[in-house]
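> coordinates only, sequence not included:
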């Protein structure tokens with residue numbers, strides 16, 4: 001005999017929100033499939049209500065300073081991982097704001113590379129002001145990791161525009177036998193990150209897209225490039241072994257990621273680049289089946305503004321693309337509501353892709369929750385506080 005337990009939904013639910021605010025260490029395990037910086041503010045705001053959020057990040061960025069690191073060391077991208085850990089850091093603890101400042105610092109793009117190399121050696125030696133003011137043991141760890149990076153840095157490596165946080169994490173990766181998880185765990189503990197941050201995969205893979213007109217676009221940076229938008233709607237995305245390979249890879253998600261998904265009390269597909277940040281997380285076999293097995297609510301927060309990756313897609317199309325990607329990659333045939341149960345949106349103020357097809361969503365067992373998410377101050381984007389309150393109300 002089975003039972004279905006339901007409750008009346010209040011949005012926002014002030015009782016739940018206040019309960020979580022009073023005891024964030026006991027807060028809900030909200031899991032985000034994301035990448036980039038679109039939910040940086042949401043992650044920061046959420047730490048006041050829960051210290052148990054889970055952030056599965058796409059490590060496939062292939063542009064900017066991340067590209068230089070990936071080419072030199074044949075590794076995953078660490079930039080978005082660094083960004084999210086810093087968003088979750090407890091900045092009230094002595095020394096953590098100094099670590100934040102160092103990790104956020106970038107070398108100027110117009111500087112002399114030889115001078116930047118000298119500056120990096122000063123950082124590794126502890127003589128640079130940004131490093132000198134960090135208390136031990138964090139300063140010692142930062143210096144060691146910078147030394148590991150410098151010892152392995154190719155002679156022609158371009159440091160212009162490099163994020164120091166990315167260089168520190170890369171040094172740790174190189175010193176841990178090319179495993180990023182121990183490095184993320186250590187830094188998360190040292191800065192008291194109020195949440196868990198992990199890449200969906202720790203391997204060196206790249207994103208590719210097949211467009212409706214048959215064009216192949218290789219690399220995340222080209223797929224999501226707003227200055228040169230793709231010429232045709234995306235038909236599918238897949239993973240490859242390199243930017244030169246067009247052969248799709250079939251890869252299984254690790255047992256650790258399965259366990260994190262199984263532990264979630266709410267799964268969220270948040271705003272951000274639809275394909276390269278959200279769907280990219282679902283490309284590994286086993287992610288979709290892990291989502292489907294978890295009985296918790298699954299929420300889609302669509303972008304409130306147009307996204308160049310969503311050409312030719314309405315709201316219903318986006319939801320079904322999430323569902324189809326999760327089902328196909330895991331070889332499962334489940335009801336759409338096992339993958340996406342709710343769409344939370346501000347239909348009055350948001351500029352969502354048309355047609356919405358709200359009745360078709362309802363027929364698929366997916367409820368659309370229309371609530372205030374955009375304020376005069378945040379428009380045209382979501383207000384971080386309102387997004388957090390909406391998610392907490394569903395837990």
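Great, that's in hand. Since the model is a prediction, treat every value here as computed from it, not as a measurement. Numbering: from 1, shown residues only.

> switch to C-alpha atoms for all contacts and neighbour counts from now on
Noted.

> pretty sure residue 80 contacts residue 38?
No: using C-alpha atoms under 8 Å as the test, residue 80 is too far from residue 38 to be in contact (10.5 Å).

> Which one's more surrounded, these two?
Taking other C-alpha atoms under 10 Å, residue 80 and residue 38 do not tie; residue 80 has more neighbours (23 against 16).

> Tell me the helix or strand right after the strand or helix carrying residue 258.
Assignment of secondary structure by DSSP states H and E places residue 258 within helix 255-263. Following the chain from helix 255-263 toward its C-terminal end, the next helix or strand by DSSP H and E is strand 266-269.

> neighbouring contacts of the following helix or strand past that following strand?
Past strand 266-269, heading to the C-terminal end, the next element that is a helix or strand (DSSP H and E) is helix 287-293. When contacts are defined by C-alpha atoms under 8 Å, 6 or more residues apart in numbering, helix 287-293 is touched by residues 253, 258, 261-262, 267, 281-282, 325-327, 329-330, 332, 334, 338-339.

> which sections of the protein are below the confidence cut-off?
Scanning the chain for pLDDT under 70 picks out 1-8.

> Now residue 68, what are its backbone angles?
Dihedral angles phi and psi of residue 68 (degrees, to the nearest 10) take the values phi -60, psi -40.

> how about the strands in this protein?
Per DSSP state E, the chain carries strands over the ranges 30-34, 54-57, 196-199, 206-211, 216-218, 234-240, 266-269, 298-300, 342-345, 367-370.

> Figure out how far the fourth one is from the centre of its chain.
Its chain's C-alpha centre lies 18 Å from the corresponding centre of strand 206-211 when counted by C-alpha atoms, centre = their mean, to the nearest Å.

> Specify which member of the contacts of helix 287-293 is nearest to residue 57.
Checking these against residue 57 by C-alpha to C-alpha gives residue 281 as the nearest, at 7.1 Å.

> Helices of the stretch 1-150 of the chain, start to end?
Secondary structure of the stretch 1-150 of the chain, counting by DSSP state H, counting those that start in this stretch: helices at 14-22, 40-46, 64-73, 79-88, 96-104, 113-125, 129-132, 138-152.

> Looking at those, which one is packed in the most?
Burial among the helices of the stretch 1-150 of the chain, expressed as mean neighbours by mean count of other C-alpha atoms under 10 Å, is greatest for helix 79-88, which shows a mean of 24.

> Show me what that one is in contact with.
Counting by C-alpha under 8 Å, 6+ apart, helix 79-88 makes contact with 35-37, 40-41, 43-44, 47, 55, 57-59, 66, 100, 103, 165-166, 169, 188, 193-195, 197-199, all of which sit outside it.

> That helix vs helix 64-73, what angle?
Taking axes from the mean of the first three to the mean of the last three C-alpha atoms, to 10 degrees, one finds that helix 79-88 is oriented at 120 degrees with respect to helix 64-73.

> Buried subset of the contacts of helix 287-293 as a PyMOL selection?
Here is the PyMOL command that selects the buried residues among those (16 or more other C-alpha atoms under 10 Å):
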select buried, resi 253+258+261+262+267+281+282+325+326+327+329+330+334+338+339
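
> any idea which of the contacts of helix 287-293 is closest to residue 221?
Among the contacts of helix 287-293, residue 281 lies closest to residue 221 (C-alpha to C-alpha), at 16.1 Å.

> wait, isn't that closest one in contact with residue 58?
Yes: contact between residue 281 and residue 58 holds when scored by C-alpha under 8 Å: they sit 5.8 Å apart.

> what touches both of these two?
When contacts are counted by C-alpha under 8 Å, 6+ apart, residue 281 and residue 58 have 34, 200 as shared neighbours.

> Residue 207 bridge partners, please.
For residue 207, the beta-bridge assignment (DSSP bridges) gives partners residue 239.

> Give me the domain ranges for this protein.
What the record gives for the chain is the domain set 14-58+264-394, 64-199, from automatic domain parsing.

> wait, which of those domains is closest to residue 213?
Proximity to residue 213, assessed across the domains of the chain by C-alpha to C-alpha, is greatest for domain 14-58+264-394 (12.6 Å).

> who touches residue 315 in this structure?
Taking C-alpha under 8 Å, 6+ apart as the definition of contact, the neighbours of residue 315 are 302, 352, 353, 354, 355, 356, 357.

> Tell me how far it lies from residue 305.
From residue 315 across to residue 305, the span is 12 Å (C-alpha to C-alpha, to the nearest Å).

> Not counting its neighbours along the chain, what's nearest residue 216?
The spatially closest residue to residue 216, leaving aside those adjacent along the chain, is residue 210, at 4.7 Å (C-alpha to C-alpha, 6 or more residues apart in numbering).

> Neighbours of that neighbour, how many?
Other residues within reach of residue 210, judged by other C-alpha under 10 Å, total 19.

> just the one 3 residues further on next, same as before
Counted with other C-alpha under 10 Å, residues neighbouring residue 213 total 11.

> Same check on residue 159?
As a burial measure, residue 159 scores 24 neighbours (other C-alpha under 10 Å).
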